[in-house]
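Asker: attaching a predicted model along with its sequence, questions to come.
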Amino acid sequence: MAKKKVEEKIKLDSLKELSEKIEAFNEERDWDQFHSPANLAKSISIEANELLECFQWSDDNYDINDVKEELADVLSYCIQMATKLDLDIREIVLEKLEKTAKKYPVEKAKGVSTKYDKL
């Protein structure tokens, strides 16, 4: 059990470190002034669409380096938004997983993509 706690802390510390690196990067450039929650939400959407563009013409034929760059942009903006709104990323993701698990119980949802209200 102690090993699991250590692994959990390492993951949490890694996310905190990543958040701090992004924050320092933005502070060095004085970009925080442009990062309102609304602007960050717009940026997340824009970058998510650029990620989607990587798969525009083929589900199988894509450039992994382009995917990595666009995914990094999406994640960076998501982390910045959580920081701006003083949200704990781990906590909000776990809360959402718990909520989604109730909507999609394994015995009904396993192996199907049916929306929860149609299960």
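Answerer: Right, received. Where do you want to start?

Asker: residues contacting the residue sitting nearest the centre point of the chain?
Answerer: Nearest residue to the geometric centre of the chain (Cα atoms, centre = their mean): Leu75, 4.8 Å. Leu75 is in contact with no residue at all, counting by Cβ atoms under 8 Å, 6 or more residues apart in numbering. Every C-beta, even on glycine, is put in place using the N, C-alpha and C of the backbone.

Asker: measure it to Asp60 for me?
Answerer: Leu75 is 23 Å from Asp60, where distance means Cβ to Cβ, to the nearest Å.

Asker: where exactly do the helices run in this structure?
Answerer: Taking DSSP state H, the helices of the chain run over residues 2-29, 37-53, 64-84, 89-103, 106-109.

Asker: could I get these as TSV with mean pLDDT and distance to Tyr116?
Answerer: Converted to TSV, those look like this (pLDDT from 0 to 100; distance: least, Cβ to Cβ, whole Å):
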stretch	mean pLDDT	distance to Tyr116
helix 2-29	79	29
helix 37-53	98	23
helix 64-84	97	24
helix 89-103	94	4
helix 106-109	91	8
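
Asker: most tightly packed of those helices?
Answerer: helix 64-84 (a mean of 16; mean count of other Cβ atoms under 10 Å).

Asker: could you tell me the angle between that helix and helix 89-103?
Answerer: Relative orientation of helix 64-84 versus helix 89-103 (axes from the mean of the first three to the mean of the last three Cα atoms, to 10 degrees): 100 degrees.

Asker: just how off-centre is helix 64-84 within its chain?
Answerer: From the chain centre to the centre of helix 64-84 is a distance of 7 Å (Cα atoms, centre = their mean, to the nearest Å).

Asker: list the contacts for the closest residue in space to Ile44 that isn't next to it in sequence?
Answerer: Leaving aside its sequence neighbours, Ile44 sits nearest to Tyr77 (Cβ to Cβ, 6 or more residues apart in numbering; 4.6 Å). Applying Cβ under 8 Å, 6+ apart to Tyr77 gives the contacts Leu40, Ser43, Ile44, Glu47.

Asker: separation between Tyr77 and Leu52?
Answerer: On the measure of Cβ to Cβ, Tyr77 and Leu52 end up 15 Å apart.
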